[in-house]
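K.L.:
My questions are about this predicted structure, shown below with the sequence.
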Amino acid sequence: MDMKTSPLALLKDPSLLKTDALIDGEWVHGTSRFDVHDPATGLKLADVANLGGREAEQAIAAANRAWPAWRNRTAKERSAILRKWYELLMANQEDLGRLMTAEQGKPLAEAKGEVAYGASFVEWFAEEAKRVNGETLPQFDNNRRLLVIRQPIGVCAAITPWNFPLAMITRKVAPALAAGCPVVIKPAELTPLTALAAAELAMRAGMPPGVLNLLPADGANSIAIGKVFCASDIVRHISFTGSTEVGRILMAQSAPSIKKLSLELGGNAPFIVFDDADIDSAVEGAIASKYRNAGQTCVCANRIYVQEGVYDAFVQKFAAKVRTMKVGNGFEEGVVQGPLIEPAAVQKVQQHLDDAKAKGAQIVTGGSRLQGQFFEPTVISGATGDMLCAREETFGPLAPVFRFKTEQEAIAAANNTEFGLASYFYSRDVGRIFRVGEALEYGMVGINTGVISTEHVPFGGVKQSGLGREGSSHGIDEYVEMKYLCLGDVLK
Ligand SMILES: NC(=O)C1=CN([C@@H]2O[C@H](COP(=O)(O)OP(=O)(O)OC[C@H]3O[C@@H](n4cnc5c(N)ncnc54)[C@H](OP(=O)(O)O)[C@@H]3O)[C@@H](O)[C@H]2O)C=CC1
Ligand SMILES: O=C(O)CCCC(=O)O
């Protein structure tokens, strides 16, 4: 790595560039390493400790040792450490954003936005730590008292994806820590540097050894670590964000140990524009939803359905806006779309586009692969239900626009998928807003907006998009067990 030309040369605090694993409060070099690259340039950024199943066992044991002291801290003490971590994440927003743009590719402004978003989960759960309340219940005879207490579930594991290198970690780890659970994190192979910097800041915030462990790994070792997490009787909960395929593997592997799972999996978000919508607002929403992170989020609009009366107007206005989007290295001024994460992601966009063209779609704007891992923001019209882009998540900057006639037709098409994460629709009719909002089989519905994510809402899906909810006051429920106490002889 030539540090002079590396985008990481400009870190204000170079000690945030951590490349070793964190186990039991110690930075571990590991016996093997893997390279991390900048998807915009292909250049190597760093080599990182490559840990496997054996170290996963060690990290789990360390977390288990740290558990009694961590759960016995008062909620206020845990809250203070989380609050300090939040402040350090925000104080280092610029550097964390820079690390993220370098390894993930999203434009710097968007990366800094993710730092704030990721930190907001830490701030939120620092507060929620103090609200893990119990209940008293009416007794069934006067000689007894009935109580419900909520206790931390135990050692938790988190497996996170590359598309949100910070926020997907904090959305899992902050509620676990707040509840009194230690964590072992396995970040994505492609984006460990942001995660490691965040772990360093957690240590600076006073996180005790063993309470937060982080194991970078390459693809093969990730599979080995996943097996250890799933088989372990000590790990009581696994939270995973990523593909439905891997979610299914983790669920099957966890069956023997009957583990609690939170799964945030693939989506295939419909974005419906009715004739009565405010078209300019729908265009803004579609841009925000479709092209966030170059289309690489599970809540990105994947299928845009437009009612026939406004179809041509929407397509024309939408494409006009898309043509103004600047594509390039995320560190360049004015860039709003960076590279895709890896060559396979570019190939998937190309495959979906080729398939759509072969089945009769027309390119309205874009349609070309640029150099390296860049792909033009693309809009196609005349999309139909038999196309790959209708059935699978493209996870890239391709917007297929489908035409529909009736509300029933749009709802049926939107629900015609095994996924059920996010959905969106635009209408000014209050009756329709309730009808469609209730009929969409999704965990989240954006109505007259393309932006739904924030820390205090329950984020999650139905059907094969996953299990459980993250964020909000419900997010901590995943990390606590209810215990019923039945107390007799109180009148003696
Ligand atoms: N819901 C979402 O937010 C996301 C959805 N996706 C979807 O998945 C597709 C593929 O993306 P990809 O990154 O490959 O997603 P994966 O589901 O393969 O990876 C997500 C995380 O799981 C890890 N992992 C992969 N296989 C296993 C395993 N058997 N046991 C334990 N951990 C494992 C990965 O590690 P490693 O990085 O080392 O392979 C990574 O940390 C995307 O195109 C997109 O459609 C992808 C990312 C996020
Ligand atoms: O699963 C994803 O793609 C990341 C979630 C994005 C969000 O929180 O809005």
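P.N.:
Here it is on my side, so go on. Everything numeric in this text was worked out from a predicted model, so none of it was measured. Residues are numbered from 1 along each chain as shown. Ligands and ions are numbered 1, 2, ... in the order given.
K.L.:
what's the first-to-last distance across stretch 176-190?
P.N.:
Using Cα to Cα, to the nearest Å, one end of stretch 176-190 lies 24 Å from the other.
K.L.:
near ligand 2, anything from that stretch?
P.N.:
No - counting by Cβ under 6 Å from any ligand atom, ligand 2 has no neighbours in stretch 176-190; the shortest distance is 11.8 Å. Using the backbone N, CA and C atoms, a C-beta is placed for each residue, glycine as well.
K.L.:
That stretch - what's its average pLDDT?
P.N.:
Averaged across stretch 176-190, the pLDDT comes to 98.
K.L.:
starting at the chain centroid, how far to it?
P.N.:
The chain centroid and the centroid of stretch 176-190 are separated by 14 Å, computed with Cα atoms, centre = their mean, to the nearest Å.
K.L.:
Could you do stretch 97-104 as well?
P.N.:
Offset of stretch 97-104 from its chain centre (Cα atoms, centre = their mean): 16 Å.
K.L.:
Secondary structure element holding the residue nearest the centre of the chain?
P.N.:
Among the residues of the chain, the one closest to the centroid is residue 168, at 4.2 Å (Cα atoms, centre = their mean). Using DSSP states H and E, residue 168 sits within helix 167-179.
K.L.:
So that helix, near ligand 1 or not?
P.N.:
No - Helix 167-179 is not in contact with ligand 1 by Cβ under 6 Å from any ligand atom; minimum separation 7.1 Å.
K.L.:
and what of stretch 415-435?
P.N.:
No - for stretch 415-435, no contact with ligand 1 is found by Cβ under 6 Å from any ligand atom; the gap never falls below 7.6 Å.
K.L.:
Tell me how far the residue lying closest to residue 394 once chain neighbours are set aside lies from residue 420.
P.N.:
Distances taken as Cβ to Cβ, 6 or more residues apart in numbering put residue 352 closest to residue 394, at 4.9 Å, once the chain neighbours are dropped. Using Cβ to Cβ, to the nearest Å, residue 352 is found at 21 Å from residue 420.
K.L.:
between the two, which one's more packed in?
P.N.:
residue 352 (26 against 23; other Cβ atoms under 10 Å).
K.L.:
Return the residues in contact with that one.
P.N.:
387-389, 392, 394, 396, 398, 400 (Cβ atoms under 8 Å, 6 or more residues apart in numbering).
K.L.:
check which helix or strand covers it.
P.N.:
For residue 352, the element it lies in under DSSP H and E is helix 343-358.
K.L.:
Give me the buried stretch members for that helix, please.
P.N.:
The neighbour-count check on helix 343-358 (16 or more other Cβ atoms under 10 Å) flags 345-346, 348-350, 352-353, 355-356 as buried.
K.L.:
Determine how far that helix lies from the middle of the whole chain.
P.N.:
Centroid separation for helix 343-358 versus its chain: 24 Å, with Cα atoms, centre = their mean.
K.L.:
what lines up beside the helix or strand following that helix in the sheet?
P.N.:
Using DSSP H and E, the helix or strand that follows helix 343-358 in sequence is strand 362-365. Paired neighbours of strand 362-365 in the sheet (DSSP bridges): strand 378-383 (antiparallel).
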